[in-house]
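Asker: next come a sequence and a model predicted from it.
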Amino acid sequence: MTSRPTPWPYPRWIAHRGGGSAAPENTLAAMRAGAAAGFRMVEFDVMLSRDGVPVLIHDETLERTTDGAGEVSAHDCADLMRLDAGRWFGPAFAGERMPTLAQAIDCLQSLQLCANIEIKPAPGFERETGRIAARMIASRWPAGAVPPLLSSFSPAALEAAREAAPDLPRGLLFETVPQDWAVHLRAHAAVSIHCDQATLGDAMLREVCDAGVPLLCYTVNAAGRAAELLAAGVAGLFTDRLELPQRLCA
Ligand code: G3P
Ligand code: MG
């Protein structure tokens, strides 16, 4: 059984997809942008290549964020590594590659960043993605460092991650927090609830926070909403706007 880390070791502000809107999502350049903006934690998405290598990408298909085409799961890692994952965002990022999870872990360590690693399996690869990603994280993450917080919309991926690396903390990721969230939390031995801030009503916000369960909200890009959620006691905010924390503190 995974117990909730106490005190909660993660910063409140989390750069969404590595560097929010400052750099191409899910790249090492994004992590560097997040760190340069003062973030101490980043979130990113992990999927498997055809040959079972965990890589960083959000979509199941390549078109939006690379110069490739087709499904991520239909390409071997070596082919994915040849794609340009930066030019779509802007010419300054041309040549940026899609990182493997192993490269991302090394980068996080060199930047001294905490991470929320979202396991984002392609349909049909839920258990495999959870198992392989968790195994790699457990074997590469330095002992003594704050462990990454795993999360997934896929309960099957999260369960497989739990079996492969029971000591890694896991968060349940929902678009909308269900009424029976506490049942799910127990069933998965998860330590936190992650949800879309847009679907989160005041009553549920209070219920989870009052229960002392860390609540992390995505994607919070409006200063007013961020202030409201922080005042209510949320544990984490994922944002695309890297200037937001400083703006709120000013
Ligand atoms: O993990 C929080 C958030 O990243 C979930 O949504 O679609 O941006 O991966 P998405
Ligand atoms: Mg994500």
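Answerer: Noted; the coordinates are in hand. Numbering: from 1, shown residues only. Ligands and ions are numbered 1, 2, ... in the order given.

Asker: quick one: list the elements packing against the longest strand anywhere in the chain.
Answerer: For the chain, the strand that runs over the most residues, judged by DSSP state E, is strand 41-48. Strand 41-48 sits against strand 13-15, helix 28-36, strand 54-56, helix 101-111, strand 114-119, helix 126-140, with contacts defined as 3 or more C-beta pairs under 8 Å, 6 or more residues apart in numbering; DSSP states H and E. C-beta here means a position set from N, CA and C on the backbone, and glycine is covered the same way.

Asker: extract the C-alpha trace of it and format it as PDB.
Answerer: In PDB, the C-alpha atoms belonging to strand 41-48 read as follows (Å, rounded to 0.1, in the frame of the first residue of the first chain):
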ATOM      1  CA  MET A  41       7.800  20.800 -11.000                       C
ATOM      2  CA  VAL A  42       6.600  19.800 -14.500                       C
ATOM      3  CA  GLU A  43       3.900  17.600 -15.800                       C
ATOM      4  CA  PHE A  44       4.300  15.600 -19.000                       C
ATOM      5  CA  ASP A  45       2.600  12.800 -20.900                       C
ATOM      6  CA  VAL A  46       4.100   9.300 -21.700                       C
ATOM      7  CA  MET A  47       3.100   6.800 -24.400                       C
ATOM      8  CA  LEU A  48       4.700   3.700 -25.900                       C
END
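
Asker: got the contact list for residue 199?
Answerer: 175, 176, 177 (C-beta atoms under 8 Å, 6 or more residues apart in numbering).

Asker: ok, the first one touching residue 197?
Answerer: This points to residue 175. No. Contact criterion C-beta atoms under 8 Å: residue 175 and residue 197 do not qualify, at 10.8 Å.

Asker: looking at those two now, which is surrounded by more residues?
Answerer: Neighbours around residue 175 and residue 197, counted as other C-beta atoms under 10 Å, are more numerous at residue 197. The numbers are 21 against 10.

Asker: what sits closest to that one if chain neighbours are left out?
Answerer: Spatial nearest neighbour of residue 197, chain neighbours left out: residue 217 (4.0 Å); criterion: C-beta to C-beta, 6 or more residues apart in numbering.

Asker: what residues does the one helix or strand the one you found maps to touch?
Answerer: Residue 217 is located in strand 215-218, with elements delineated by DSSP states H and E. The contact list for strand 215-218 (C-beta under 8 Å, 6+ apart) reads 14, 16, 43, 116, 171, 192-197, 200, 205, 208-209, 229, 233-238.

Asker: can you tell if it touches ligand 1?
Answerer: Yes. Judged by C-beta under 6 Å from any ligand atom, strand 215-218 comes into contact with ligand 1 at residue 218.

Asker: try stretch 240-248
Answerer: No. Stretch 240-248 lies out of reach of ligand 1 by C-beta under 6 Å from any ligand atom, never closer than 9.2 Å.
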